[in-house]
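Chemist: show me the folded form of this:
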Amino acid sequence: METKKIMTPEEIVNTMMSKDYFSQWLGITVLEIKSGYCRLKATVKKEMLNGFGIAHGGFTYSVADSALAFSSNSQGRKSVSIETSISHITSLKEHDEIIAEAMCETQTERLGHYKINLYLSNDPEKIVALFKGIVYKTSGNWD
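Modeler: The predicted structure follows:
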């Protein structure tokens with residue numbers, strides 16, 4: 001009988017990231033990953049600015065959404081978002097570097113509730129956005 005190897009949180013996120021072309025395009029760097037938690041870094045590029053010359057809200061939303069995906073899947077079950085929301089607190093300019101820190105707040109057998117804080121990398125007290133997400137944990141495992 002063959003036993004399946006259980007993937008580590010790092011292996012899961014590396015596997016996801018290898019095919020996540022959008023997160024790659026965003027320039028996301030994974031700083032830290034553990035079960036139910038991750039920390040990402042991304043920098044605002046000129047192409048991410050809106051008509052006001054500040055980062056498009058979709059930029060922070062997308063970085064937070066990637067953090068949600070990586071943190072929720074890092075627990076070993078293939079998980080997909082079913083509800084998300086974001087509050088934009090501070091505008092960003094070109095070259096601003098942000099950190100997205102995602103953590104599991106509560107979970108059941110099938111659902112996980114996550115909080116993602118986004119802040120400036122050089123000033124962790126400067127909150128950029130607050131993101132909340134709920135994921136559905138499928139029956140599929142990362143193995």
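Chemist: could you find the closest non-adjacent residue to S74?
Modeler: Once flanking residues are discounted, S74 sits nearest to P9: 3.7 Å by Cβ to Cβ, 6 or more residues apart in numbering. All C-beta spots, glycine's among them, are computed from the backbone N, C-alpha and C.
Chemist: next, count neighbours for V44.
Modeler: Counted by other Cβ atoms under 10 Å, the residues lying close to V44 total 21.
Chemist: so for it, what's the pLDDT?
Modeler: Confidence at V44, expressed as pLDDT, is 98.
Chemist: contact partners for it?
Modeler: V44 sits next to 55, 59, 92-98 when contact means Cβ atoms under 8 Å, 6 or more residues apart in numbering.
Chemist: so which of these is the closest to I86?
Modeler: Of all these, F59 has the smallest distance to I86: 11.0 Å, by Cβ to Cβ.
Chemist: where does pLDDT dip in this protein?
Modeler: Scanning the chain for pLDDT under 70 picks out 1-3.
Chemist: helices along that one, start to end?
Modeler: With DSSP state H as the definition, the chain shows helices at residue ranges 9-19, 21-26, 57-73.
Chemist: just these: most buried one?
Modeler: Most buried of the helices of the chain, by mean neighbour count (mean count of other Cβ atoms under 10 Å): helix 57-73, with a mean of 23.
Chemist: still on that earlier bit, do you know how far the residue nearest to S74 is from C104?
Modeler: Going from P9 to C104 by Cβ to Cβ, to the nearest Å gives 12 Å.
Chemist: what of Q24?
Modeler: In terms of Cβ to Cβ, Q24 sits 25 Å off from C104.
Chemist: equivalent analysis for S87, please.
Modeler: Distance of S87 to C104, given as Cβ to Cβ: 20 Å.
Chemist: these two: who's more crowded?
Modeler: C104 (17 against 9).
Chemist: M7 and R77 touch, don't they?
Modeler: No: using Cβ atoms under 8 Å, M7 is not in contact with R77, being 11.1 Å away.
Chemist: joint contacts of those two?
Modeler: W142.
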